[in-house]
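Trainee: Here is a sequence with its predicted model. Questions after.
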Amino acid sequence: MHISRKLISSVTAMAVMVALPANAQMTLDELVNKAGEEGIVAMNTSTTRYPSSAAPGLSKAISEKFGIDLEVEFVNSSPVPVITGQVIKETLAGVKPSFDVFPLPLFLTVPLSEAGAVETIDWAGIGVDPDLIDPNGNAVWIHTIPRAVTYNTDLVEADDIPTRLEDLLDPKWKGKIAGPGFGGAYGMISVPVLGEEKASDWLKTLYEDQDLAVIRSMTDVPTRVANGEFSIGMGVPANYSGLVTKGAPIANAPLEKVGSQPYYMFVLKNAESPHAGALLTYFFCCTPEGKKAQLEHMNTAMFDTPGSEQNEVGGDGRGVAPTTEWQLTQQRRVAEALDKLIGR
């Protein structure tokens, strides 16, 4: 049964007992019980649009795993940097967030944490592997998005399929390449593979000389490659939204090295369902059932997840992720510079 956020808010406002704060130490069993009482968890998915079956599928999987009734709800909205800014403004204004959890690049947790928008949770205390917890303790690594290069199999000849990022600078691809509308994606496509200086030159050439088409929604990039509007796309794997499974003419280019964006999930301060948010995070990162559900319903996984597109694209050491230190201290600067370059 669908439980509306408005109803939850009304019940919470009238409740005599206040829920235990999410930052209180508790066992996993206690967290499960609190999550079951909340009954619903809302996850912001930015501009990513998953199949209509995804949220119900995740709801069923997490409910069966923990023996509770817990509904997962997706909140689809703006690009990640825009949402981050909105959350900061709402937090500073004392406005309650409209969702509970938010998977995003690690560097964006820094300004959110500084604004007091991140709930403090004892992740290790509920069983999260310390290697998956960010150095500041705010968020948990739940999946990795390969910043892959894709191509339309009807439009690109076998001999022309890119194997290196530099191949995209060939004049024959001018006006035929699409990418997402935020600079951070291009940084993670290129910096882990080329280094900052070469990556900057590469993107500048791609944007100014190759007439890169900047598409607002990340998931619209492979869609528009598959329907023939563009020959080449970048930023997400070919089957991110199930296009390959549906038989669309799109595939991942076999790059020698593939940059990637680790995604971390955190719980928002003053969220309606903080315990459910923490449990969903734990489910994704640290249970076989959660990893399977992520892959099945969202096509998200780690490079070492067998049978995943992530493993196909970046397995055997081809997938390259930056260090957490670089993500926390340098990625924001690079992303902002690239946003200016692509006109954001």
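Mentor: Noted; the coordinates are in hand.
Trainee: Show me where the chain dips below the pLDDT cut-off.
Mentor: 1-24, 344 (pLDDT under 70).
Trainee: where along it do the strands fall?
Mentor: Ranges of strands in the chain, per DSSP state E, are 40-46, 71-76, 101-105, 140-146, 149-152, 177-180, 213-215, 232-234, 250-252, 258-267, 319-320.
Trainee: which residues of the protein fall in helices?
Mentor: In the chain, the segments counted as helices under DSSP state H are 5-14, 28-38, 54-66, 80-92, 109-114, 183-194, 196-208, 220-226, 274-286, 288-298, 309-314, 324-329, 331-341.
Trainee: circling back to that earlier point, want to try a markdown table for the strands of the chain, with distance to P222 and mean neighbour count as columns?
Mentor: From N, CA and C alone the C-beta is placed, and that goes for glycine too. Shown next, in a markdown table, are those (distance: least, C-beta to C-beta, whole Å; neighbours: other C-beta atoms under 10 Å):
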| stretch | distance to P222 | mean neighbour count |
| --- | --- | --- |
| strand 40-46 | 16 | 23 |
| strand 71-76 | 17 | 18 |
| strand 101-105 | 19 | 26 |
| strand 140-146 | 12 | 25 |
| strand 149-152 | 5 | 27 |
| strand 177-180 | 9 | 25 |
| strand 213-215 | 10 | 18 |
| strand 232-234 | 5 | 27 |
| strand 250-252 | 6 | 22 |
| strand 258-267 | 15 | 25 |
| strand 319-320 | 18 | 20 |
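Trainee: I'd like those strands laid out as TSV, including distance to A226.
Mentor: As requested, the strands of the chain are exported to TSV (distance: least, C-beta to C-beta, whole Å):
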stretch	distance to A226
strand 40-46	20
strand 71-76	20
strand 101-105	25
strand 140-146	17
strand 149-152	7
strand 177-180	11
strand 213-215	13
strand 232-234	9
strand 250-252	4
strand 258-267	20
strand 319-320	23
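Trainee: Which one, of the ones you listed, ends up nearest to E336?
Mentor: strand 101-105 (12.6 Å; C-beta to C-beta).
Trainee: Could you dump the helices of the chain into CSV and include distance to Y151?
Mentor: Formatted as CSV, these follow (distance: least, C-beta to C-beta, whole Å):
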stretch, distance to Y151
helix 5-14, 41
helix 28-38, 42
helix 54-66, 26
helix 80-92, 25
helix 109-114, 33
helix 183-194, 15
helix 196-208, 15
helix 220-226, 7
helix 274-286, 30
helix 288-298, 23
helix 309-314, 13
helix 324-329, 28
helix 331-341, 23
